[in-house]
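Undergrad: I would like to see how this sequence folds:
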Amino acid sequence: MGWVNVRYSDTAGLNAQFKRASPFPHLVLPDFFTARILGVERALLRQNFVEQNSDLFQFEQTDDVSELSDPVLRGFHSFFSSDEFLLFISQITGKRLKSIDMSGFIYDDTDYLLPHDDRLEGRKIAYIVNLSRNFTRADGGALQFFKGKEVVKSIVPSLNTFSIFEVSKKSVHQVEEVRSGKKRVTLAGWFHG
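TA: Here you go, the predicted structure:
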């Protein structure tokens, strides 16, 4: 897999980490992709993003990446939805995975995603490919995991970090409101089973 950093080849070790993570099975993997991901970042930022608003969220989003014409993004989507990568993620999570969806997202100043659990339409594993630069805790935009009504884990946006977590009634999470002029840029979606 020419996209994945070779340090992440031990799927059995990653599976053990995934299963014992708290408050629900998850992994946060820095420097997950090879340097090729920087081309994906550049290609994504050239796309058309449309503002999305509801009482649950406020952010900008692209169409599904499978429908975009950019060859770099289509190549990344092809890799991400390949049998080889689906098997790799299945071995890590213990879930049988068949397909993905993927969109680009930008959270700008005051954008947010309120607590929810993602349970819908055969979603098994949620993922975030983080392409954000120079965020600190003070900037907001953290992916936050809940246990009950309390935030117990905050993951500050960081370039080339890949996060996955099991979708279940326990997997309540949010994207903290962005509190700066920095843009929280991601490719995100779900692995379906």
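Undergrad: Closest to the mean position in the chain, which residue would that be?
TA: Computing the C-alpha centroid of the chain and ranking residues by C-alpha atoms, centre = their mean puts residue 128 first, at 0.5 Å.
Undergrad: Which elements pack onto whatever helix or strand that residue lives in?
TA: Residue 128 is located in strand 123-130, with elements delineated by DSSP states H and E. Secondary-structure packing of strand 123-130 (3 or more C-beta pairs under 8 Å, 6 or more residues apart in numbering; DSSP states H and E): helix 83-93, strand 161-166, strand 184-192. To be clear about C-beta, it is placed using only N, CA and C from the backbone, and glycine gets the same treatment.
Undergrad: now the longest one: how far from the chain's centre is it?
TA: Here helix 83-93 shows a centroid-to-chain-centroid distance of 16 Å under the convention C-alpha atoms, centre = their mean, to the nearest Å.
Undergrad: buried ones in it?
TA: For helix 83-93, the neighbour count (16 or more other C-beta atoms under 10 Å) marks 85-86, 88-90, 92-93 as buried.
Undergrad: Quick one: mean pLDDT for the helix or strand following that helix?
TA: Helices and strands here follow DSSP H and E; after helix 83-93, the next one along the chain is strand 99-107. Here strand 99-107 scores 98 as its mean pLDDT.
Undergrad: Need the residues that contact strand 99-107.
TA: 44, 47, 49, 59-66, 77, 80-81, 86, 113, 141, 175, 178, 183-192 (C-beta atoms under 8 Å, 6 or more residues apart in numbering).
Undergrad: one more time with 6 Å, if that's ok
TA: 44, 47, 49, 59-62, 64-65, 77, 80-81, 141, 178, 183-192 (C-beta atoms under 6 Å, 6 or more residues apart in numbering).
Undergrad: Any chance you could give me the following helix or strand past it in PDB, C-alpha atoms only?
TA: Note on strand 99-107: by DSSP H and E, the next helix or strand toward the C-terminus is strand 112-116. The C-alpha trace of strand 112-116 is given here as PDB (Å, rounded to 0.1, in the frame of the first residue of the first chain):
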ATOM      1  CA  TYR A 112     -19.100  23.000  14.900                       C
ATOM      2  CA  LEU A 113     -20.700  19.600  15.100                       C
ATOM      3  CA  LEU A 114     -22.800  18.900  18.200                       C
ATOM      4  CA  PRO A 115     -22.700  15.500  20.100                       C
ATOM      5  CA  HIS A 116     -24.100  12.500  18.100                       C
END
